[in-house]
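J.: sequence unknown, structure follows:
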């Protein structure tokens, strides 16, 4: 017997509003789980899905909290009644026996659609066990839903990908939900200074509440020049005889061409035979090619690398982020600045697309 669910569906046709459909989720397969959801994050990466070409309807969302309703006969790490987080990253790839199964649903057009791993814009979801992480049942069930993408991606880039150490300088381009999480991760790592870059003074002031020491409005000043002014130290001189400055790590939490091309020049130059240059880290999802100054990277020994999902292992890292929240170091209550019901999904997407969400928005079921 299937499970009734209200699910957000993105139509096949472009420029059509999202719709909420009443569907029947099939019973879980051997490695699948049915989860009744409390809340889901509304992630900026869903905008990429909405705007790119597609051959069939799409189901969206990839971070949530919920409770297990049904499990397949091969599922062992969770049981009915367990409180869980649903995420789009396998909980521990080292333990995965094979590729995860994909949820298949049939929507009103009579078309079978397959979720891209998971779908959480729904009051109930069907997911492979690899995307379901058991958590303490006493956690707050709404704001913790953004750990499964925003926090994991931003904070993970700091602590896992870059492995930022105390006293190192960090510049973070874009302080939405992912960027704010990166700010929190940088503060936890002991970084100094922590420089937030955005186009909105309100967002920059908001970032300082989470640990940013400086804010740069890139609509008003050259952010690269300002970063170098803030990081001018006593570390010596470049090959060109200029004082060394720049961030030890520069993170692009947006992914547009302009910011991808700003993070390398924002990084610190290295000293030949001494300290290497800074590292530019791409966190936001890119949609176009990028041009990098190879001479700058060569002579100043700078690096450019990606951070996919914060290099996270959910089974390991979600407990860490929940502990940060419990200890007051990760203020999820302040980070979630907008809440919507499922029937308000188009309003939520419009607000996100037009920069009206200061922190992170969630759907509440």
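T.: All right, it came through fine. Everything numeric in this text was worked out from a predicted model, so none of it was measured.

J.: Which helix or strand in the chain has the lowest average pLDDT?
T.: strand 112-114 (a mean of 62; mean pLDDT, DSSP states H and E).

J.: which outside residues touch whichever helix or strand comes after that one?
T.: Following strand 112-114 in sequence order, the next helix or strand is strand 124-128 (DSSP states H and E). By Cβ atoms under 8 Å, 6 or more residues apart in numbering, the residues outside strand 124-128 that reach it are 3-6, 25-26, 28, 31-37, 64, 66, 69, 86, 100-103, 105, 118-119. C-beta coordinates here come from the backbone N, C-alpha and C atoms, glycine included.

J.: what's the pLDDT at residue 283?
T.: For residue 283, the model assigns a pLDDT of 96.

J.: On the three-state scheme, residue 167 is what?
T.: With DSSP: H, G, I helix; E, B strand; the rest coil as the basis, residue 167 sits in coil.

J.: I figured residue 81 hits residue 67, correct?
T.: Yes: under the criterion of Cβ atoms under 8 Å, residue 81 makes contact with residue 67 at 6.7 Å.

J.: Of the two, which one has the most company?
T.: residue 67 (17 against 9; other Cβ atoms under 10 Å).

J.: in what helix or strand does that one lie?
T.: strand 63-71.

J.: who does that strand touch, helix- and strand-wise?
T.: strand 32-42, strand 83-87, strand 124-128 (3 or more Cβ pairs under 8 Å, 6 or more residues apart in numbering; DSSP states H and E).

J.: Flag every buried residue along that strand.
T.: By 16 or more other Cβ atoms under 10 Å, the buried positions in strand 63-71 come out as 63-71.

J.: and the angle for that strand with strand 124-128?
T.: 80 degrees (axes from the mean of the first three to the mean of the last three Cα atoms, to 10 degrees).

J.: and strand 63-71 with strand 83-87, angle?
T.: 120 degrees.

J.: and strand 63-71, how far out from the chain's middle?
T.: 20 Å (Cα atoms, centre = their mean, to the nearest Å).

J.: and if you look at stretch 70-79?
T.: On Cα atoms, centre = their mean, the centre of stretch 70-79 falls 27 Å from the chain's centre.

J.: Whichever strand or helix holds residue 251: how far from the chain's middle?
T.: For residue 251, the host element (DSSP H and E) is strand 249-252. Centroid separation between strand 249-252 and its chain, computed with Cα atoms, centre = their mean, is 14 Å.

J.: do the same with stretch 45-64
T.: On Cα atoms, centre = their mean, the centre of stretch 45-64 falls 15 Å from that of its chain.

J.: Check stretch 126-142 too.
T.: That offset, for stretch 126-142, works out to 17 Å (Cα atoms, centre = their mean).

J.: Residue 50 - that's part of a strand, no?
T.: No: remark: residue 50 does not belong to a strand; assigned using three-state DSSP, it is helix.

J.: Quick check: it touching residue 11?
T.: No: Residue 50 sits out of contact with residue 11 when judged by Cβ under 8 Å, with a separation of 10.2 Å.

J.: where do the contact lists of these two overlap?
T.: Joint contacts of residue 50 and residue 11 (Cβ under 8 Å, 6+ apart) are residue 18.

J.: Now do the end-to-end distance for stretch 307-320.
T.: 18 Å (Cα to Cα, to the nearest Å).

J.: and for it, what are the contacting residues?
T.: Counting by Cβ under 8 Å, 6+ apart, 85, 87-93, 133, 135, 147-149, 152-157, 159-162, 251, 281-283 sit against stretch 307-320.
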